[in-house]
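Peer 1: Sequence first, predicted coordinates after that:
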Amino acid sequence: MAHPSLQYLRDYESLYGVWARANEAADAAEKALEGNGSAEAEAQAQQLRRAADDAFEALAIFIRSNPL
């Protein structure tokens with residue numbers, strides 16, 4: 001079994017990676033639209049932003065729940 005600190009770092013890195021990818025996708029979608037997209041495309045961009053926000057919240061909960 002991995003040392004608890006190593007497991008924490010692995011879990012943190014995984015959650016951070018999910019947030020970073022979701023945030024990059026949301027940023028790219030919002031930039032691509034910039035007011036010139038269809039209502040459906042804008043709704044999808046909003047979904048990506050909500051997913052990124054949810055991933056960030058999961059990361060924050062993990063950090064608060066698992067102090068080093």
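Peer 2: Nice, I can see it.
Peer 1: so where's this protein shaky on pLDDT?
Peer 2: 1-2, 68 (pLDDT under 70).
Peer 1: residue closest to the middle of it?
Peer 2: In the chain, the residue lying closest to the centroid (Cα atoms, centre = their mean) is W19, at 2.1 Å.
Peer 1: And the next helix or strand past the longest helix anywhere in the chain?
Peer 2: If you go by DSSP state H, the chain has its longest helix at helix 4-33. On the C-terminal side of helix 4-33, the closest following helix or strand by DSSP states H and E is helix 39-65.
Peer 1: Buried residues, stretch 37-51. List them.
Peer 2: The neighbour-count check on stretch 37-51 (16 or more other Cβ atoms under 10 Å) flags 45, 48-49, 51 as buried. Backbone N, C-alpha and C define where each C-beta goes, glycine included.
Peer 1: These into TSV, with extra columns for distance to L59?
Peer 2: Shown next, in TSV, are the buried residues of stretch 37-51 (distance: Cβ to Cβ, whole Å):
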residue	distance to L59
A45	21
L48	17
R49	16
A51	13
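Peer 1: Could you let me know which of these ends up closest to S65?
Peer 2: Within these, proximity to S65 (Cβ to Cβ) peaks at A51, which comes in at 20.9 Å.
Peer 1: hang on, that closest one packs against A29?
Peer 2: No: using Cβ atoms under 8 Å, A51 is not in contact with A29; the gap is 10.7 Å.
Peer 1: rewinding a little: leaving out the residues flanking it, which one is nearest to the residue nearest to the centre of the chain?
Peer 2: A55 (4.0 Å; Cβ to Cβ, 6 or more residues apart in numbering).
Peer 1: contacting residues for the one you found?
Peer 2: Applying Cβ atoms under 8 Å, 6 or more residues apart in numbering, we find A55 in contact with 15, 18-19, 22-23.
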